[in-house]
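[1] For reference, the sequence and a predicted model appear below.
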Amino acid sequence: MAATGSSPPSSSSAKDAAPLRLLWFAVALSMGAAVSLGITRFAYALLLPPMREDLGWSYTLAGGMNTLNALGYLLGALATPMLLRRLAPGTVLIGGALLATVFMALSGFFVGTVPLLVQRLLAGAASALVFVTGGLLAARLGLQDPRRSGLLLGLYYGGTGWGISLSALLVPAVLGAAASQPHAWTWAWWALAAACAAATVLLVWPARALQAQAAAALPAGAAAGGAAAPPAGQPAAGVRWRALAPALLGYGLFGVGYIGYMTFVVALLREQGSSPAAVTGFYALLGLAVVLSSRIWAGLLDRSRGGGALALLNALLGVATVLPALTSAWPVVLASGLLFGGVFLSVVASTTALVRHNLPQALWATGISAFTIVFAAGQIVGPTVVGWIADGPGGLARGLVFSACALWVGALVAWRQKPLQGVRA
């Protein structure tokens with residue numbers, strides 16, 4: 001009757017609204033990347049100089065803080081598949097974000113080296129739960145709109161840029177306001193924890209909505225439910241790790257190379273005489289470039305089924321990393337930050353796209369976790385080695401040259417990765 005005449009417009013309207021809803025889901029999910037990397041990991045670069053000056057650290061010890069954070073990230077990445085076999089992805093996502101918030105706050109209550117190392121370790125473990133699970137949910141969003149899958153992945157990973165830009169604005173302001181307080185940097189940790197808490201609140205909506213979608217799809221036999229259900233009858237025998245070795249090794253070298261830049265570039269700029277305002281602008285623009293990169297590289301991620309995207313992005317990142325080591329000229333330094341920000345999270349997205357293109361959906365969580373593990377292993381090596389080099393005669397500039405070389409070798413290795421055959425969903 002009356003409903004018959006109104007049905008087609010309603011159906012058309014729902015179809016038109018669906019892509020927009022998916023984009024909003026990806027943007028909301030990106031708060032997970034903001035917490036897990038943008039704040040929990042990369043805000044430390046802004047805190048390293050005042051903490052090192054206040055506590056008398058060497059660069060090796062300062063880098064060791066992020067090495068412990070990466071070790072925690074590795075442990076969290078190893079634990080994530082086990083947790084996903086028992087808990088819904090949304091539950092793991094929110095639980096990890098809450099834990100990361102707590103550990104960030106606890107970092108402001110200690111000045112001793114050992115407690116701070118422990119907090120960085122625990123924060124790294126919590127951030128891995130968030131990042132891996134958020135990447136899995138973002139990959140599943142791509143199933144609902146395959147034409148925009150690269151953009152949806154990019155929007156999620158681009159959330160790291162929101163965390164970086166927020167940290168760039170927040171940390172200097174808090175340090176300035178607390179300048180008269182002993183250990184003023186402790187206040188910055190508490191402010192960053194508050195930012196994590198706010199981002200966690202925003203994560204609740206996509207986590208619940210996607211969990212409800214998965215539950216509704218499960219009875220119909222769809223493979224978009226909890227990660228544990230589909231693989232139960234089929235263990236991860238379909239993952240051909242040897243065939244993925246070039247991409248895994250190239251991604252591990254990315255972890256070695258990029259983290260040296262993100263740990264020490266702010267300290268290098270300060271050593272070169274950059275003003276606090278210039279450093280804030282540099283880091284904020286780097287974060288903005290991360291956000292914009294989701295659109296820049298979306299087409300490449302959709303097209304590249306082998307290691308081509310990973311190789312190209314690694315090579316560009318090596319160029320961005322070496323520039324501040326060669327000159328302190330501000331236009332070149334700024335170009336380095338913009339290029340680095342416009343590339344480095346797309347390297348992460350490229351591996352998720354590689355998994356999505358080459359593995360059946362039942363093995364996505366396993367594949368993403370494997371790449372996260374080699375990523376974390378590389379990050380364990382990078383900060384301490386760069387810090388050790390920086391304590392020598394070459395200083396931080398020589399450390400960044402090492403980072404650039406690791407990225408270029410990673411590009412050469414990743415270029416050998418070919419698309420897998422016979423395993424795509």
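    Okay, I see it.

[2] In the stretch 51-200 of the chain, what residue spans correspond to helices?
    Assigned by DSSP state H, counting those that start in this stretch, the stretch 51-200 of the chain shows helices spanning 59-84, 89-106, 113-144, 149-177, 185-217.

[3] out of the ones you listed, nearest to Glu271?
    helix 59-84 (10.6 Å; C-beta to C-beta). Backbone N, C-alpha and C define where each C-beta goes, glycine included.

[4] Could I get the average pLDDT for that closest one?
    Per-residue pLDDT values over helix 59-84 give a mean of 89.

[5] Can you list the buried residues in that helix?
    For helix 59-84, the neighbour count (16 or more other C-beta atoms under 10 Å) marks 59-77, 79-81, 83-84 as buried.

[6] what about the helices of the stretch 51-200 of the chain, which gets the closest to Val413?
    Across these, Val413 has its closest neighbour in helix 59-84 (20.1 Å, C-beta to C-beta).

[7] what's that closest one packed up against?
    Contacting helix 59-84 under the criterion 3 or more C-beta pairs under 8 Å, 6 or more residues apart in numbering; DSSP states H and E are the following elements: helix 44-55, helix 89-106, helix 113-144, helix 245-271, helix 364-390.

[8] Relative to Leu323, which of those is closest?
    Checking those against Leu323 by C-beta to C-beta gives helix 245-271 as the closest, at 10.0 Å.

[9] tell me which strands and helices that closest one is in contact with?
    helix 44-55, helix 59-84, helix 276-296, helix 308-326, helix 330-358, helix 364-390, helix 395-414.

[10] Just put the ones you listed in CSV and tack on distance to Thr91.
    CSV is the format used below for the helices and strands packed on helix 245-271 (distance: least, C-beta to C-beta, whole Å):
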stretch, distance to Thr91
helix 44-55, 28
helix 59-84, 9
helix 276-296, 26
helix 308-326, 31
helix 330-358, 21
helix 364-390, 14
helix 395-414, 34
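
[11] nearest to Ala188, of the ones you listed?
    Comparing those by C-beta to C-beta, helix 44-55 comes nearest, at 5.8 Å.

[12] So for that closest one, what gets flagged as buried?
    Under the neighbour-count criterion of 16+ other C-beta under 10 Å, helix 44-55 has Tyr44, Ala45, Leu46, Leu47, Leu48, Pro49, Pro50, Met51, Arg52 buried.

[13] hang on, the earlier thing: of the helices and strands packed on helix 245-271, which approaches Ala209 most closely?
    Counting by C-beta to C-beta, Ala209 lies closest to helix 59-84 out of those; the figure is 18.1 Å.

[14] just how off-centre is that closest one within its chain?
    13 Å (C-alpha atoms, centre = their mean, to the nearest Å).

[15] quick one, it and helix 44-55 angle?
    130 degrees (axes from the mean of the first three to the mean of the last three C-alpha atoms, to 10 degrees).

[16] Tell me how many other residues surround Ala245.
    Neighbour count for Ala245, taken as other C-beta atoms under 10 Å: 13.

[17] Same question for the one 4 residues further on.
    Leu249 sits with 19 neighbouring residues when counted by other C-beta under 10 Å.

[18] correct me, but Arg398 touches Val322?
    No - assessed by C-beta atoms under 8 Å, Arg398 is found out of contact with Val322, at 10.9 Å.

[19] More neighbours: which of those two?
    Shown here are Arg398 and Val322; by other C-beta under 10 Å, Val322 has more neighbours (20 against 14).

[20] Let me see the contact set for Val319.
    Leu339, Ala404 (C-beta atoms under 8 Å, 6 or more residues apart in numbering).

[21] How much space separates the nearest residue to Leu354 once chain neighbours are set aside from Ala309?
    Leaving out its chain neighbours, the residue that sits closest to Leu354 by C-beta to C-beta, 6 or more residues apart in numbering is Ala247, at 5.9 Å. Distance of Ala247 to Ala309, given as C-beta to C-beta, to the nearest Å: 10 Å.
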